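**Q** Generate a structure from the sequence data that follows.
(8 chains, ligands or ions: 12)
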Number of protein chains: 8
Amino acid sequence: MNDQRNGVDPVNDYALLDIDREKRLGFPEVVFGENKTSAQLIGIAERMSAHTSRLLMTRVDAAKAVRVTDCVSGLQYHEDAQMLTGFRAIPQPERGGYIAVVCAGTSDLRVAQEAAVTLEMMGSRVERITDVGVAGIHRLFARLELIRGADVVIAIAGMEGALPSVLGGLVAKPLIAVPTSVGYGTGLNGLIALGAMLNGCAPGVTVVNIDNGFGAAYAAASIHKQIRREN
Amino acid sequence: MNDQRNGVDPVNDYALLDIDREKRLGFPEVVFGENKTSAQLIGIAERMSAHTSRLLMTRVDAAKAVRVTDCVSGLQYHEDAQMLTGFRAIPQPERGGYIAVVCAGTSDLRVAQEAAVTLEMMGSRVERITDVGVAGIHRLFARLELIRGADVVIAIAGMEGALPSVLGGLVAKPLIAVPTSVGYGTGLNGLIALGAMLNGCAPGVTVVNIDNGFGAAYAAASIHKQIRREN
Amino acid sequence: MNDQRNGVDPVNDYALLDIDREKRLGFPEVVFGENKTSAQLIGIAERMSAHTSRLLMTRVDAAKAVRVTDCVSGLQYHEDAQMLTGFRAIPQPERGGYIAVVCAGTSDLRVAQEAAVTLEMMGSRVERITDVGVAGIHRLFARLELIRGADVVIAIAGMEGALPSVLGGLVAKPLIAVPTSVGYGTGLNGLIALGAMLNGCAPGVTVVNIDNGFGAAYAAASIHKQIRREN
Amino acid sequence: MNDQRNGVDPVNDYALLDIDREKRLGFPEVVFGENKTSAQLIGIAERMSAHTSRLLMTRVDAAKAVRVTDCVSGLQYHEDAQMLTGFRAIPQPERGGYIAVVCAGTSDLRVAQEAAVTLEMMGSRVERITDVGVAGIHRLFARLELIRGADVVIAIAGMEGALPSVLGGLVAKPLIAVPTSVGYGTGLNGLIALGAMLNGCAPGVTVVNIDNGFGAAYAAASIHKQIRREN
Amino acid sequence: MNDQRNGVDPVNDYALLDIDREKRLGFPEVVFGENKTSAQLIGIAERMSAHTSRLLMTRVDAAKAVRVTDCVSGLQYHEDAQMLTGFRAIPQPERGGYIAVVCAGTSDLRVAQEAAVTLEMMGSRVERITDVGVAGIHRLFARLELIRGADVVIAIAGMEGALPSVLGGLVAKPLIAVPTSVGYGTGLNGLIALGAMLNGCAPGVTVVNIDNGFGAAYAAASIHKQIRREN
Amino acid sequence: MNDQRNGVDPVNDYALLDIDREKRLGFPEVVFGENKTSAQLIGIAERMSAHTSRLLMTRVDAAKAVRVTDCVSGLQYHEDAQMLTGFRAIPQPERGGYIAVVCAGTSDLRVAQEAAVTLEMMGSRVERITDVGVAGIHRLFARLELIRGADVVIAIAGMEGALPSVLGGLVAKPLIAVPTSVGYGTGLNGLIALGAMLNGCAPGVTVVNIDNGFGAAYAAASIHKQIRREN
Amino acid sequence: MNDQRNGVDPVNDYALLDIDREKRLGFPEVVFGENKTSAQLIGIAERMSAHTSRLLMTRVDAAKAVRVTDCVSGLQYHEDAQMLTGFRAIPQPERGGYIAVVCAGTSDLRVAQEAAVTLEMMGSRVERITDVGVAGIHRLFARLELIRGADVVIAIAGMEGALPSVLGGLVAKPLIAVPTSVGYGTGLNGLIALGAMLNGCAPGVTVVNIDNGFGAAYAAASIHKQIRREN
Amino acid sequence: MNDQRNGVDPVNDYALLDIDREKRLGFPEVVFGENKTSAQLIGIAERMSAHTSRLLMTRVDAAKAVRVTDCVSGLQYHEDAQMLTGFRAIPQPERGGYIAVVCAGTSDLRVAQEAAVTLEMMGSRVERITDVGVAGIHRLFARLELIRGADVVIAIAGMEGALPSVLGGLVAKPLIAVPTSVGYGTGLNGLIALGAMLNGCAPGVTVVNIDNGFGAAYAAASIHKQIRREN
Ligand SMILES: Nc1ncnc2c1ncn2[C@@H]1O[C@H](COP(=O)(O)O)[C@@H](O)[C@H]1O
Ligand SMILES: Nc1ncnc2c1ncn2[C@@H]1O[C@H](COP(=O)(O)O)[C@@H](O)[C@H]1O
Ligand SMILES: Nc1ncnc2c1ncn2[C@@H]1O[C@H](COP(=O)(O)O)[C@@H](O)[C@H]1O
Ligand SMILES: Nc1ncnc2c1ncn2[C@@H]1O[C@H](COP(=O)(O)O)[C@@H](O)[C@H]1O
Ligand SMILES: [Mg+2]
Ligand SMILES: [Mg+2]
Ligand SMILES: [Mg+2]
Ligand SMILES: [Mg+2]
Ligand SMILES: [Mg+2]
Ligand SMILES: [Mg+2]
Ligand SMILES: [Mg+2]
Ligand SMILES: [Mg+2]
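**A** Ligands and ions are numbered 1, 2, ... in the order given. Model (predicted):
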């Protein structure tokens, strides 16, 4: 059909799948689940199964997930990450090296899990380092060798968002920072952590949206692919 | 009565209908449903039926809609648009040409439907183009001829709000942009999309309030009427 | 040359002219002067003279204007609008009808002039209505017939930005609002006027960036062209 | 007891009543109900009954009101105003003249009622004028004589907040503006209406907090008392 | 001429005087000088001399003032208030009683002077109380009797803006608060002082724009006129 | 084990306890309960009992508290402070003198209790002074001697946040201010109170995050320890 | 005279000195120089010399300082701190121990000097530690013993403001943080650094206004006095 | 000396060089020039020449640059980038491949040059692509092959900041976005462009501070080093 030759595939009247994306960017369209109904998620998942073997849906709450997995086979729900994956099990790592997913506190774990699941779906191995925020900085030093060994580092923090700035002065690897909405009052739902990360003195830290573990992981995987392409 | 000669009509102690508006502006008062009780909506709908054949109520949730349609006859509820219309079926288009209602993602559909229903109530024909956001820009090119054929274009987007800016550089027609509250974190409930639309480099894009599909449609219809008045 | 076939023309290493724009959108690229050096403005103006007979440069201060008009012939400086036009005199109106450029106070005049010069360059006739803000609303009524006669209305106001809201309830024509940075303190350099315009109760008002007389005029002219295309 | 001689009276460990206030300011302490438990409201109401015959509690929701009126006798709940009054019926007006409580839309009624109940408790007569916003400005003219006859005017509006600015240019009386949180998107829960009121061109409008009908009424009554003290 | 019968008088193409305002509101149009050129101020002043004997121009800096007073006779410049008055000397008080203009610090004096000059032009007597901010609250008590004797109190403060809140608990008179832009850092050019004043616990304080001594004085005078109309 | 020699102790995969903190800073890690699941709080509490005799968990709601106290013995829930303490009863004061915890209104009590419980856990004696806000400033004077007798003063206020500024001018002791989220509209959930406290004219007031009674108490206790170390 | 018995002393019509402050709070009134004219600073300095031997004026630029020191004898200008002190040389430390004034970067030095001069005027000894920001955290460890030896620590930082958070986890002393306006873009003139400091995970850090070295020092000195009162 | 063994080197009392950074992170400390005096820049440059052969100073205006290059030999000033480099000529590229520095408009060139100079100092080859913003999107397609050939892409844009979002959907390489402060009004000095970039629908775009060409280049170079380490 004409549409498909143009790289698009409409799903009823509510979606126009970008079926060219996997070829163009190396990974199929990822579905943003937050503002979609279960019916829309189901329709999209079903149609995507015709075009790709890898499916990623982010920000899907447990209630929606039940309805979707009931209708579409081959999906797996990761509650701690609020994600659906399919249509196969999470694949084995495709390349050497690993990505360190470092988070400042227990409360940042949902975002860390979103990053980890994304990385694994994209073929990268993950090392998780949790609860090493700057208030007890020796905890970070206790894990520093593991972090330094990574090809790319993702640093996740809420509240004052200082972790990436400190890490950026200690580690000579590409470093992506994720602010989280953890905190209260003047934390402004993550805006202060974001601001701190953007204004860090340590050079070369780059930043993604608040709570956007997916985006950081996607960027990290795309760097990882370049680094390990010859290996 | 004196009030009616002055173009107003009080409904109990809570409303003062502008019964002169249809004559003055070409369309009767549209009711903002969000902060009104069902009782107030009912009272207003009943009184308006004495003055006009067209009724439009915006931002009415399903629970209120049930109570209002139970009491007032001749109303129709559009759940996807969160609107009530009356007192007749949606009319046939009154003029040639059409308005393109283009939206960036599936999540913007409620706003797109609010625009489409408003346009149809005001006598314009609508073409809906959905899910053509800039992350897969060939989707937009796949629909460009349909958009270029419109008399006026409404472009709806959340998140980074880039769609109107790109469209504005491709289409030589009046273009009205609607930011939506779709997104999270630094999206600030649509303020970033709004800001992007106001600061777009493509000249001549105008903008309405966040999620205000109604306002964009009203403006588009009023342009459409001027364009097609001689046809 | 290859580039020109692709619709672009590089000017040294600092600009890549969009020489296809006039054909695509009906008006050549308009140059945003604020952040460009005189040397860049000169280089761009010279190259554009090879592609078009109409040149518009916005937000050019008097000092830069002297340097540019000294080097490039056929340019005219409009100090009250802070604009350069070329390469011919401002053309005669190309179509019937007129655009009303209405402003609330004396202080909004620079923005009103930016709108008026843009409209005239784009072939529309302009009626200027000045200093009719809502603090003395009879001033608006004293000019209402002239405003109602326009094909499109541009309403410009700073401070509380109420003028478009009031006008929108009185005039059945397409209405574009321009907030200005006039005011002080909580006026927040025009953000409050912008916000008031976006939240106006009168339906169908659309809005452009603060102080963006150019953008409003471009939109108005593009509507005007559609309205008067058969005339 | 010592405390009472100092003009204070502790209620358990959670309040220190200002029992000198009626003498000092002409009206007893008014209780802010929003963040208090029912138990605290009951304790405070009971203790205040020993010191004054007039009680006013603001921002009390219906659930709390039931619990409080069950325990404390002589209280009356005004649901539309979300207020409790006691310990007598609302008194007869103590002075000549009246206060006009003008509101722009149906949605502003809770705030208008808060103002009206406060005024009546403080001894002023009230005239209510509802739904006269600027989108249909003839509605305002239809009520202008009643407004002009008032000793003080309270103007209440959400969205673009233009009503006080327009009224301020038409009425030569003290005018107090109340922004409301009615609206959505860029309305920012009333901040735009507030900003518009503070930046109005009409001179001499003063403003209170968003949704603060009580505060506006208190100020109006205190002006009213001065105006009518000799009558 | 027609315009004059409609209560307006155009000055060249840049102003449309509201010559009906003195009759309607009791005081002629006050000119906002900040964004006007000297030439515009001169043109407006000259034309206004035909309609009124009282002229007030606010926010006029010294350089402009020299040019205006050179051209228009009968004007007086008040540098500490940044105001021009005319066409006669400041008049004798027209009524009994006085307005207290109270300011928190030395730095708030420009705003206090703007209020005082406005009050005097409008016929009210002024008592100035300076530098009684809450950091040394006994200074306020040292002046409390003078403040309590006023018909209306204007309280001016920058930084934390606490003065009106404290005064509002001590004085039973109408009280208008003016935030100033004095301070630095998180003072946000007066926004914090404004916010503090709008959220004060003392009931009945009303507020005007940041640094708007003129607006507070206009409101105070309009209250004063009502209070003393029979005296 | 290696980790413990490095001063850390992992709890499953979600926490890395800073078991060196009590030695380093004089008080063990305090657990931020708001974003943790009951299961995580239980796991952390159990592991901490191996390292310390004092446990403090903040911002724990009643539902979570039930689940945690059911599983972990030796814990006490303070509902008014939303805190869990353990593993012993709150200790006797360890040093002379006391801390004054002063709050402006009844609505600030949760924050005041959070401060008081923290202080008692850290070995300081507390005097609570409640509801002495500036709207009835004699209430503050009625308690001034008790406040002046403290070694450190904590001043808690929402709305306009003026209390610390006034206290700072009256009391020559270290003074820590806590803004609360009490208020509405322009109070911006405590941002205005915070801003007022940071901009106070009274010298030497320091400030903590909105609603952060814990942080203020921790700082006060750490000052208190220094002051009373020789006594 | 009456005023002086009330603890106030007027200086012309622009200041009302709080001459009771030294007795009440232990240090005379400190003059905020930023918004005062030279003439006002001179008048105030002269009058203060009658009441106290210690004078501190903050935020005085070099131009004003020349005019003031020309007229008033016994003053010393500290250009790096933008402060005037008098009427004697900076005194010898009055007590044991010292305050550490730690700053993150070279750019924070003006604020650090403002703190140091204030501390010395108030009788405390100062140790300056400069340029130890977290991008090279070993620099902080290289100075940690000196910092740990202080009675109170002042930590000053702009940009991401992470220094106090890291220090707070390493040092068991009272710690006051000062955000500076150093940085650009999203640094928002210090608001991000402030926010990071208020949201730091390390417990017990308190904060003052942006660039307010004076306020931090005043608080530190008042703690220092309590700690060393018996020494 | 002890300090040097600890990896620090003090410069007078205003800097503490991180002389260990080149070993730790692969590039020496980069000096932030904006808030430093010429004297400080000179002192730092001189001392750094003892430790490294590569010097980078950012945000140095022309006036300061003259004074610094007069005193310190071996420095070169890049006015278009506002940078100083030394102590050798910019080195030859150390590795294969190149970084694409793409900017949306002529006005973004200062930031693009800051990125390019940094990249060259760090050993990467640069391809500059200028003025390909989305208003004429064919300009981007005209340069797409060059961009796709890069190892890493830096995308720079002001105003609506849409370029990275569009590029991210077209290019499968690591992509770093830089918002610029170009624009006016609601552009908020780059905050809207930043927000748009953080909320882009194209996955995997990471972002740095407004106008921070240096930071983006540092991150790109650190990725580039990893990618080409085996080549
Ligand atoms: N005053 C203005 N306000 C908003 N956009 C403008 C203005 N002047 C020119 N533009 C647009 O900005 C785009 C980018 O301008 P330039 O930086 O010259 O490449 C042009 O294509 C115009 O459409
Ligand atoms: N300083 C001021 N602050 C606020 N409003 C003012 C001020 N000065 C004059 N105005 C008002 O601003 C309105 C508009 O002024 P203009 O721009 O002169 O037409 C006048 O009608 C005055 O009521
Ligand atoms: N740099 C400063 N930052 C904050 N507050 C200050 C500063 N300098 C002086 N102050 C305080 O500001 C108050 C008011 O100052 P003044 O305007 O001189 O009456 C004084 O009582 C000081 O406590
Ligand atoms: N233009 C820049 N933007 C952001 N960070 C920078 C810039 N220039 C230098 N830096 C970083 O700022 C840190 C602190 O700089 P300094 O104030 O020189 O000690 C350095 O270590 C650099 O990594
Ligand atoms: Mg933890
Ligand atoms: Mg989609
Ligand atoms: Mg005017
Ligand atoms: Mg209505
Ligand atoms: Mg003072
Ligand atoms: Mg109370
Ligand atoms: Mg440094
Ligand atoms: Mg360009």
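
**Q** Show me where chain A has its strands.
**A** A:8-11, A:15-18, A:31-32, A:55-58, A:76-78, A:83-86, A:98-103, A:125-130, A:152-157, A:175-179, A:205-207 (DSSP state E).

**Q** Same list (these) but as CSV, adding mean pLDDT, distance to residue C:31 and mean neighbour count.
**A** The C-beta positions use only the backbone N, C-alpha and C, and glycine is treated the same way. Listed next are the strands of chain A as CSV, based on pLDDT from 0 to 100; distance: least, Cβ to Cβ, whole Å; neighbours: other Cβ atoms under 10 Å in any protein chain shown:
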stretch, mean pLDDT, distance to residue C:31, mean neighbour count
strand A:8-11, 96, 36, 20
strand A:15-18, 96, 35, 24
strand A:31-32, 97, 38, 22
strand A:55-58, 98, 42, 22
strand A:76-78, 98, 51, 17
strand A:83-86, 97, 47, 24
strand A:98-103, 98, 45, 27
strand A:125-130, 98, 49, 19
strand A:152-157, 98, 41, 30
strand A:175-179, 98, 37, 31
strand A:205-207, 98, 32, 31
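
**Q** possible to save those as a markdown table with distance to ligand 1?
**A** Formatted as a markdown table, the strands of chain A follow (distance: least, Cβ to the nearest ligand atom, whole Å):
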| stretch | distance to ligand 1 |
| --- | --- |
| strand A:8-11 | 28 |
| strand A:15-18 | 28 |
| strand A:31-32 | 30 |
| strand A:55-58 | 34 |
| strand A:76-78 | 44 |
| strand A:83-86 | 40 |
| strand A:98-103 | 39 |
| strand A:125-130 | 43 |
| strand A:152-157 | 35 |
| strand A:175-179 | 31 |
| strand A:205-207 | 26 |
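
**Q** which stretch among those comes nearest residue H:85?
**A** Closest approach to residue H:85 among the strands of chain A (Cβ to Cβ): strand A:205-207, 22.4 Å.

**Q** Which residue does chain A have closest to chain C?
**A** residue A:191 (17.9 Å; Cβ to the nearest Cβ).

**Q** Against residue H:198, how distant is that residue?
**A** For residue A:191, the distance to residue H:198 (Cβ to Cβ, to the nearest Å) stands at 11 Å.

**Q** list residues touching both of those two?
**A** Both residue A:191 and residue H:198 are contacted by residue B:186, under the criterion Cβ atoms under 8 Å, 6 or more residues apart in numbering or on different chains.

**Q** ok so, going back, surely the residue of chain A closest to chain C touches residue A:210?
**A** Yes. Between residue A:191 and residue A:210 a contact is recorded at 7.3 Å, counting by Cβ atoms under 8 Å.

**Q** Give the residues shared as contacts by these two.
**A** Between them, residue A:191 and residue A:210 share these contacting residues under Cβ under 8 Å, 6+ apart: A:179, B:186.

**Q** Looking at residue A:191 and residue H:198, which is more packed in?
**A** residue H:198 (30 against 22; other Cβ atoms under 10 Å in any protein chain shown).

**Q** wait, the more buried one sits on residue B:188?
**A** No. The criterion here is Cβ under 8 Å, and residue H:198 misses it with residue B:188 at 10.3 Å.

**Q** in chain A, what spans have low per-residue confidence?
**A** Scanning chain A with the threshold set as pLDDT under 70 gives A:1, A:230-231.

**Q** Helices of that one, residue ranges please.
**A** A:2-5, A:21-25, A:38-48, A:62-71, A:109-121, A:138-141, A:144-148, A:163-168, A:191-198, A:213-227 (DSSP state H).

**Q** For ligand 8, which of these is the nearest?
**A** Minimum separation from ligand 8 across the helices of chain A (Cβ to the ion) falls at helix A:38-48, 35.1 Å.

**Q** is the closest one anywhere near ligand 6?
**A** No. Using Cβ under 5 Å from the ion, helix A:38-48 never reaches ligand 6; the gap is at least 8.1 Å.

**Q** right, is that helix up against chain H?
**A** No. Helix A:38-48 is not in contact with chain H by Cβ under 8 Å from any Cβ of the partner chain; minimum separation 15.2 Å.

**Q** Break chain A down into its structural domains.
**A** With domains defined by the TED database, chain A comprises A:8-86, A:99-226.

**Q** Of those, which stretch is the most buried?
**A** Of all the domains of chain A, domain A:99-226 has the most neighbours on average by mean count of other Cβ atoms under 10 Å in any protein chain shown, namely a mean of 26.

**Q** Around ligand 1, which positions in chain A sit nearby?
**A** With Cβ under 6 Å from any ligand atom as the criterion, chain A does not come near ligand 1 at any residue.

**Q** Point me to the residue of chain A nearest ligand 11.
**A** Here chain A gets closest to ligand 11 at one residue, residue A:201, 7.8 Å apart by Cβ to the ion.

**Q** separation between the spatially closest residue to that residue that is not a sequence neighbour and residue H:7?
**A** Of all residues not flanking residue A:201 in the chain, residue G:135 sits nearest, at 3.9 Å (Cβ to Cβ, 6 or more residues apart in numbering or on different chains). Look at residue G:135 and residue H:7: by Cβ to Cβ, they are 13 Å apart.

**Q** Now the common contact residues for those two.
**A** With Cβ under 8 Å, 6+ apart as the test, residue G:135 and residue H:7 both reach residue H:18.

**Q** Pretty sure residue A:28 sits against residue A:47.
**A** No. Counting by Cβ under 8 Å, residue A:28 stays clear of residue A:47, with 11.6 Å between them.

**Q** got a list of what residue A:211 touches?
**A** Contacts of residue A:211 (Cβ under 8 Å, 6+ apart): A:110, A:111, A:178, A:179, A:180, A:181, A:190, B:184, B:185.

**Q** same question, residue A:227
**A** A:97, A:151, A:152, H:223, H:226, H:227.

**Q** can we see that at 6 Å?
**A** Shown in contact with residue A:227 (Cβ atoms under 6 Å, 6 or more residues apart in numbering or on different chains): A:151, H:226, H:227.

**Q** again with residue A:214
**A** Contact analysis of residue A:214 by Cβ under 6 Å, 6+ apart lists A:58, A:114, A:118.

**Q** Identify the residue spatially nearest to the second one, adjacent ones excluded.
**A** It stands for residue A:114. Leaving aside its sequence neighbours, residue A:114 sits nearest to residue A:213 (Cβ to Cβ, 6+ apart; 3.4 Å).

**Q** And the last one, by the same measure?
**A** Excluding its sequence neighbours, the residue lying closest to residue A:118 (Cβ to Cβ, 6+ apart) is residue A:217, at 3.6 Å.

**Q** And that neighbour, how close does it get to residue G:181?
**A** Note on residue A:217: its distance to residue G:181, by Cβ to Cβ, is 35 Å.

**Q** do residue A:221 as well
**A** Per Cβ to Cβ, residue A:221 is found 38 Å from residue G:181.

**Q** and if you look at residue A:143?
**A** Residue A:143 is 35 Å from residue G:181, by Cβ to Cβ.

**Q** ok, now residue A:39?
**A** 52 Å.

**Q** what pairs with the residue of chain A found nearest ligand 6 across the strands?
**A** Nearest residue of chain A to ligand 6: residue A:15, at 5.5 Å (Cβ to the ion). When bridges are called by DSSP bridges, residue A:15 pairs up with residue A:11.

**Q** for it, what are its contacts?
**A** A:44, B:106, B:131.

**Q** looking at it, residue A:67 is touching residue A:38, isn't it?
**A** Yes. The criterion here is Cβ atoms under 6 Å, and residue A:67 meets it with residue A:38 at 4.0 Å.

**Q** List the contacts of residue A:99.
**A** A:119, A:124, A:126, A:150, A:152, A:220.
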